[in-house]
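**Q** Just the structure for this:
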Amino acid sequence: MLDEKNTGLIVIDIQGKLAQTVYQSDVFLVRCEQLIRAAGLLSLPTLWLEQAPEKLGPTAPSLQSLIEPDALITKNTFDACQNEQFLKAIEHTGKRQWLICGIEAHICVYQTSLALLDLGYTVLPVSDAISSRTADNKHLALANLRDAGAFITSVEMCLYQLMGNSKHPCFGEILSLIK
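**A** Here you go, the predicted model:
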């Protein structure tokens with residue numbers, strides 16, 4: 001079960017033209033925004049990754065205003081755990097459970113999730129806030145991550161787990177985000 005005090009969010013490479021061309025991009029971007037905004041309301045630490053932004057472009061415009069400047073980490077490796085700044089940021093939070101959203105499911109999301117699992121973290125890919133250029137690659141990545149020990153979740157599923165009940169102080173605001 002997710003624990004609000006022990007959970008963070010990793011936003012992986014939602015950048016440039018790719019963010020507009022992945023499978024079901026419109027729904028994907030809406031779900032990512034809902035998740036990121038809700039994470040802010042719940043005070044979850046959020047780490048933002050950008051893969052070679054000089055080549056792929058910056059984070060999608062609809063999400064840029066949500067980035068806290070000190071939370072943005074640029075990388076060139078597909079596995080973010082190969083980036084020392086990312087590893088230090090993860091460790092600094094002290095969180096052991098990580099929600100994952102972003103693209104591409106079968107490349108950076110997949111490799112980063114496997115590495116986090118190997119490091120002993122609980123990894124929760126958020127299925128409706130993850131995408132790839134093809135549905136097949138997305139589904140393959142999620143199936144393999146489940147087999148590797150990740151707990152696949154959805155935006156609503158994880159948010160309701162984090163809140164625990166309808167008396168949570170953020171319940172009304174989060175409900176208005178996802179309905």
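
**Q** Which residues does stretch 128-139 contact?
**A** For stretch 128-139, the external contacting residues (Cβ atoms under 8 Å, 6 or more residues apart in numbering) are 18, 21-25, 27-28, 31-32, 34-35, 100-107, 109, 141-142, 154-155. (Each C-beta comes from the backbone N, C-alpha and C, glycine too.)

**Q** Of those residues, which belong to helices?
**A** Mapping the contacts of stretch 128-139 onto helices (DSSP state H) picks out 18, 21, 25, 27, 28, 31, 32, 34, 35, 141, 142, 155.

**Q** quick revisit: ok, of the contacts of stretch 128-139, which come out buried?
**A** 18, 22-23, 25, 28, 31-32, 34-35, 100-107, 109, 141-142, 154-155 (16 or more other Cβ atoms under 10 Å).

**Q** What ranges does this protein have for its strands?
**A** Under the criterion DSSP state E, strands of the chain are mapped to 7-12, 46-51, 72-75, 97-103, 122-131.

**Q** would you list the ones you listed in a markdown table and tack on distance to residue 161 and mean pLDDT?
**A** Shown next, in a markdown table, are the strands of the chain (distance: least, Cβ to Cβ, whole Å; pLDDT from 0 to 100):
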| stretch | distance to residue 161 | mean pLDDT |
| --- | --- | --- |
| strand 7-12 | 9 | 98 |
| strand 46-51 | 17 | 96 |
| strand 72-75 | 26 | 95 |
| strand 97-103 | 10 | 98 |
| strand 122-131 | 9 | 98 |
